[in-house]
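J.: have a look; sequence and predicted model below, questions after that.
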Amino acid sequence: MFNQLTGTSPGRFLTAIRIFMAKRHLLETPDSVTDITYRVGYNSLGTFTSRFTRSVGVSPTRYRSLAQEDDLPPLVPPAARTGHGLSSVTGQLYFPSEVGPVRVYVGAFNTPIMEGYPQACDILDEARPFHLHVPDGLWFIRAAAVAVDDASLRHQIRPPRLVGSGWAVRTRGGRAYSTDVQLREVTQLDLPILLALPELDGARRRRLTRAGAGAR
């Protein structure tokens, strides 16, 4: 039942919550990394640092520095790649009404959690299908829509505007697959986004160019 509601096991869900809470403490408090390690339930600084780095993409210390300076690197889609053995995954994004201008990140992950860098990603600033190229494997297609701009100057993590997921896709042999994604508002049962995104984690929240923005 828990897996059906959240998309993952209780243990992995708890781990994701711990890392997400660590991100909040790093960005919103002056507490040391060591103090935060114990506060979120880890007994080893080394274990916490390794898990955080793998999930977020940067170490705890670097995450705090980059986020506070609003210098988190953008998630850049890998150069379009095709070749023997790579399969394509495409799909449409469906939005609820009255969303407003958003940028949508779509990624192929090897777990149901948006953690670490995706195997493939697409960033949409306009209404169009998403396109991903992935090797053989089982991929979880996850999407997050972030607001185009936010004038907030507070040092705190902001949730995405919308989230969504497609069916898990098992690819092989360079074939073409499709899975659509219905975006919706975030609920308490949704897994947190652990991968650092400048629009969600940065101190100033990068203002995105409105020209062409608003994928909906």
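T.: Nice, I can see it. Residues are numbered from 1 along each chain as shown.
J.: ok, now how distant is residue 132 from residue 56?
T.: The spacing between residue 132 and residue 56, counted by C-beta to C-beta, to the nearest Å, is 22 Å. (Glycine included, C-beta is placed from N, CA and C.)
J.: scan this structure for its longest strand.
T.: Using DSSP state E to define each element, the chain has its longest strand at strand 137-147.
J.: averaged pLDDT, it. What do you get?
T.: The predicted model gives strand 137-147 an average pLDDT of 93.
J.: mind listing the strands that strand pairs with, and their directions?
T.: strand 102-109 (antiparallel), strand 162-165 (antiparallel), strand 169-171 (antiparallel) (DSSP bridges).
J.: that strand: which residues count as buried?
T.: 139-147 (16 or more other C-beta atoms under 10 Å).
J.: also stretch 118-128?
T.: Those would be 118-122, 124-125, for stretch 118-128 by 16+ other C-beta under 10 Å.
J.: list the residues that contact the residue lying closest to residue 170 once chain neighbours are set aside.
T.: Leaving aside its sequence neighbours, residue 170 sits nearest to residue 138 (C-beta to C-beta, 6 or more residues apart in numbering; 4.8 Å). Residues near residue 138 by C-beta atoms under 8 Å, 6 or more residues apart in numbering: 110, 168-170.
J.: filter the residues you listed down to the buried ones, ChimeraX style.
T.: Typed into ChimeraX, the next command selects the buried ones out of the contacts of residue 138 (criterion: 16+ other C-beta under 10 Å):
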select :169
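J.: ok, the contacts of residue 138 vs residue 70, which is closest?
T.: residue 110 (29.7 Å; C-beta to C-beta).
J.: quick check: phi and psi at that closest one.
T.: phi -90, psi 0 (degrees, to the nearest 10).
J.: any idea which helix or strand comes after the helix ranked longest in the chain?
T.: Looking across the chain with DSSP state H, the single longest helix is helix 10-28. Downstream of helix 10-28, the first helix or strand assigned by DSSP states H and E is helix 33-39.
J.: and after that next one, which helix or strand comes next?
T.: helix 45-56.
J.: returning to that earlier point: filter the buried residues of stretch 118-128 down to the ones in strands?
T.: 120-122, 124.
J.: closest to residue 85 among those?
T.: Nearest member of those to residue 85, counting by C-beta to C-beta, is residue 120, at 13.5 Å.
J.: that closest one: what's its closest spatial neighbour, skipping adjacent residues?
T.: Nearest one to residue 120, counting by C-beta to C-beta, 6+ apart, is residue 132 at 4.1 Å.
J.: check which helix or strand covers that neighbour.
T.: According to DSSP H and E, residue 132 maps onto strand 130-134.
J.: how about residue 165, what does it touch?
T.: Residues counted as contacts of residue 165 (C-beta under 8 Å, 6+ apart) are 7, 112, 140-143, 181.
J.: distance to residue 164 added to these, as JSON lines?
T.: Listed next are these as JSON lines, based on distance: C-beta to C-beta, whole Å:
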{"residue": "7", "distance to residue 164": "12"}
{"residue": "112", "distance to residue 164": "13"}
{"residue": "140", "distance to residue 164": "12"}
{"residue": "141", "distance to residue 164": "9"}
{"residue": "142", "distance to residue 164": "8"}
{"residue": "143", "distance to residue 164": "5"}
{"residue": "181", "distance to residue 164": "4"}
